[in-house]
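Engineer: Below is the sequence, then the predicted model.
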Amino acid sequence: MSGVGRHAVVAGAGIGGLTAAVALHRSGWRVTVCERAPGPAAVGAGIVLAPNALRALDHIGFDLTAAAGRAVPAAMGLRRPDGRWLSRADTTALSARYGGPPLAVHRAALTEALTGALPPGTVRYGVTLTSVDASGDHPVVHTSAGRPEGSADLVIAADGIHSPLRRAFFPAHPGLRYSGETAWRTVLPASASPGGLATAETWGRGERFGVVPLADGRTYVYATAVVPPGHRPADVRAELLRRFGTWHDPVPALLERFDPAAVLQHDLYDLAAPLPRLHHGRIAWLGDAAHAMTPNLGQGGCQAIEDAAVLAHLLADTPAHRIPTALAAYTTARHTRTDAVRVRARRAGRVAALAHPLAVALRDLAIRAVPARAAHRALDDLFDGFTLPDGTGGARAVVGTGR
């Protein structure tokens, strides 16, 4: 394989960075992942991987269910705060249309499985990639270890939503934009999780509440609200009970079982504008570092996985001197799709966050009026949109779609 002996340095051991590392390793690359956290993340919440992300993982030869444990089908239904269904998920129809339903897994289980697919020592915890000198033929990487790491054939900037490498190489970019919402997330242990829960999201007036059962009996729970940035209640449980305590079952019961110390809160941001490109010389950006988006479509992690699969596909048989050309092809392959998803997620969030009673009533009526088949068609460009460059400037669909 032409990747043998080539060295890639990845900034960030999140889902996108680890997926890229696994994909390149399986193409023969030597990979070093620099992760500023002192060790594997012990905290986190759930993630729902849509069919497009599952096909991307299949393409790189990573079996999610074998590696991360039994994943749970997680087709999402929508409800009102009084419990009335706006739309119900049809797992059978999704499987028939896309080759399988979305699957829910704990983020920590996924990152642990991806790390386990790499040679020992690939991930260097407690090491931050501080800067990259891209002035020469090969980028020179500097880290918090206090010495230059030497040159690399490739640097992958998977350093998250606040990406220092994005700011360094695109200083004129406007950066992040606050969506107007904050989110609380937690995973309830099996002992605190009621049985018989359905994957669903409930939309109120400027507030949402989501429930996603996980494979081992735990439950991923999240909530959002329209608040000023930086809003941090002194008593998280009291705040959530005030907002959601009168909503339909099982919302109040789940809130009563929250451990406030285990609740993560993050204001929701996306990029204010697309990056001009997703590469610079031998540096490539992926995931939140490249196209941070709000979670309204559940596509943030999914698009990072797609990025990794496409990037590795373009680099698998690329001679060393052609790596910058391959990265330019990566920009061509990914820039339009990821920005379209980013914009669509922003628009979906605006609809979900409506607060005026009349606007909410019209929104709910419109959702209920959409036939299931039409709703599925609206997902086609997301769930069937993962393609691989075909080497001629075009793209080919990835085998696995059910349509």
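Structural biologist: Arrived safely. Numbers count the residues shown, from 1 in each chain.
Engineer: how about Ala225, secondary structure?
Structural biologist: Secondary structure, DSSP: H, G, I helix; E, B strand; the rest coil: Ala225 is strand.
Engineer: wait, doesn't it sit right on Ser179?
Structural biologist: No. With contact defined as Cβ atoms under 8 Å, Ala225 does not reach Ser179; the gap is 11.6 Å. Yep, even glycine has a C-beta here, placed from its N, CA and C like the rest.
Engineer: Between the two ends of stretch 269-282, how far is it?
Structural biologist: Stretch 269-282 has an end-to-end distance of 28 Å (Cα to Cα, to the nearest Å).
Engineer: The helix or strand hosting Gly349: which residues count as buried?
Structural biologist: Taking DSSP states H and E as the criterion, the element that holds Gly349 is helix 323-352. For helix 323-352, burial by neighbour count (16 or more other Cβ atoms under 10 Å) applies to 323-324, 326-335, 337-339, 341-342, 344-346, 348-349, 352.
Engineer: Any idea how far stretch 115-130 is from the middle of the chain?
Structural biologist: 20 Å (Cα atoms, centre = their mean, to the nearest Å).
Engineer: ok, and for it, which residues are buried?
Structural biologist: Buried-residue list, stretch 115-130, by 16+ other Cβ under 10 Å: Thr115, Ala117, Leu118, Thr122, Val123, Arg124, Val127, Thr128, Leu129, Thr130.
Engineer: got CSV for these, with distance to Leu103 too?
Structural biologist: Below are the buried residues of stretch 115-130 laid out as CSV (distance: Cβ to Cβ, whole Å):
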residue, distance to Leu103
Thr115, 19
Ala117, 18
Leu118, 22
Thr122, 25
Val123, 24
Arg124, 30
Val127, 32
Thr128, 32
Leu129, 31
Thr130, 36
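Engineer: Which secondary structure state does the closest residue in space to Val123 that isn't next to it in sequence sit in?
Structural biologist: Sequence neighbours aside, Val33 is the residue nearest to Val123 in space, at 4.4 Å (criterion: Cβ to Cβ, 6 or more residues apart in numbering). Here Val33 takes the strand state, with states given by three-state DSSP.
Engineer: Let me know how buried Val33 is, in neighbour terms.
Structural biologist: 26 (other Cβ atoms under 10 Å).
Engineer: Let me know the pLDDT of it.
Structural biologist: As predicted, Val33 sits at a pLDDT of 97.
Engineer: Low-confidence stretches in the stretch 1-150 of the chain?
Structural biologist: 1-4, 41-43, 67-70, 147-149 (pLDDT under 70).
Engineer: got the residue ranges for the helices in it?
Structural biologist: 15-25, 51-59, 64-68, 91-98, 107-116 (DSSP state H, counting those that start in this stretch).
Engineer: swap in the stretch 251-400 of the chain?
Structural biologist: When assigned using DSSP H, counting those that start in this stretch, the helices of the stretch 251-400 of the chain occupy the ranges 251-256, 288-291, 300-315, 323-352, 357-369, 372-383.
Engineer: Which one, of the ones you listed, ends up nearest to Asp270?
Structural biologist: helix 323-352 (5.9 Å; Cβ to Cβ).
Engineer: contacts for stretch 319-336?
Structural biologist: Residues from elsewhere that reach stretch 319-336 (Cβ atoms under 8 Å, 6 or more residues apart in numbering): 2, 6, 153-154, 274-275, 277-279, 281-284, 290, 306-307, 310-311, 314-315, 318, 387-389, 393, 395.
Engineer: Quick one: mean pLDDT for it?
Structural biologist: Confidence for stretch 319-336, expressed as mean pLDDT, is 96.
Engineer: how far out from the middle of the chain is that stretch?
Structural biologist: Using Cα atoms, centre = their mean, the offset of stretch 319-336 from its chain centre is 22 Å.
Engineer: SS state for the residue nearest to Gly83 when sequence neighbours are not counted?
Structural biologist: Leaving aside its sequence neighbours, Gly83 sits nearest to His248 (Cβ to Cβ, 6+ apart; 3.1 Å). Three-state assignment for His248 (three-state DSSP): coil.
Engineer: I'd like the numbering to begin with 16 instead of 1 from here.
Structural biologist: Sounds good: first residue 16 from here, last item His263.
Engineer: mind checking pLDDT for His263?
Structural biologist: As predicted, His263 sits at a pLDDT of 97.
Engineer: Quick check: it vs Val236, distance?
Structural biologist: Using Cβ to Cβ, to the nearest Å, we find His263 at a distance of 14 Å from Val236.
Engineer: who has more neighbours, those two?
Structural biologist: It is Val236, of His263 and Val236, that has more neighbours when counted by other Cβ under 10 Å, with 27 against 16.
Engineer: Over to Arg192. Which of the three states is it?
Structural biologist: Put simply, Arg192 is strand when judged by three-state DSSP.
Engineer: Now for it, how many residues are close by?
Structural biologist: 15.
Engineer: With adjacent residues omitted, what lies nearest to it?
Structural biologist: Ala287 (3.9 Å).
Engineer: how near is the one you found to Pro243?
Structural biologist: Distance from Ala287 to Pro243, counting by Cβ to Cβ: 18 Å.
Engineer: higher neighbour count, these two?
Structural biologist: Neighbours were counted for Ala287 and for Pro243 using other Cβ under 10 Å; Ala287 has more, 12 against 9.
Engineer: what's the pLDDT at the residue nearest to Arg192?
Structural biologist: Ala287 carries a pLDDT value of 98.
Engineer: do Val202 as well
Structural biologist: Predicted confidence (pLDDT) for Val202: 94.
Engineer: can you redo the helices of the stretch 266-415 of the chain as CSV with distance to Pro204?
Structural biologist: Formatted as CSV, the helices of the stretch 266-415 of the chain follow (distance: least, Cβ to Cβ, whole Å):
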stretch, distance to Pro204
helix 266-271, 12
helix 303-306, 28
helix 315-330, 23
helix 338-367, 28
helix 372-384, 33
helix 387-398, 31
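Engineer: So which of the ones you listed is nearest Arg41?
Structural biologist: Taking Cβ to Cβ as the criterion, helix 315-330 is the member of the helices of the stretch 266-415 of the chain that comes nearest to Arg41, at 7.8 Å.
Engineer: Pull out the C-alpha coordinates of the closest one and format them as CSV.
Structural biologist: Output in CSV follows, covering the C-alpha atoms of helix 315-330 (Å, rounded to 0.1, in the frame of the first residue of the first chain):
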residue,chain,number,x,y,z
GLY,A,315,-22.4,16.7,13.7
GLY,A,316,-20.6,13.4,14.5
CYS,A,317,-22.0,11.7,11.4
GLN,A,318,-20.4,14.3,9.1
ALA,A,319,-17.1,14.0,11.0
ILE,A,320,-17.2,10.3,10.3
GLU,A,321,-18.0,10.9,6.6
ASP,A,322,-15.1,13.4,6.5
ALA,A,323,-12.7,10.8,7.8
ALA,A,324,-13.8,8.1,5.4
VAL,A,325,-13.6,10.4,2.4
LEU,A,326,-10.2,11.7,3.4
ALA,A,327,-8.7,8.3,3.9
HIS,A,328,-10.2,7.1,0.7
LEU,A,329,-8.5,9.9,-1.2
LEU,A,330,-5.1,9.3,0.5
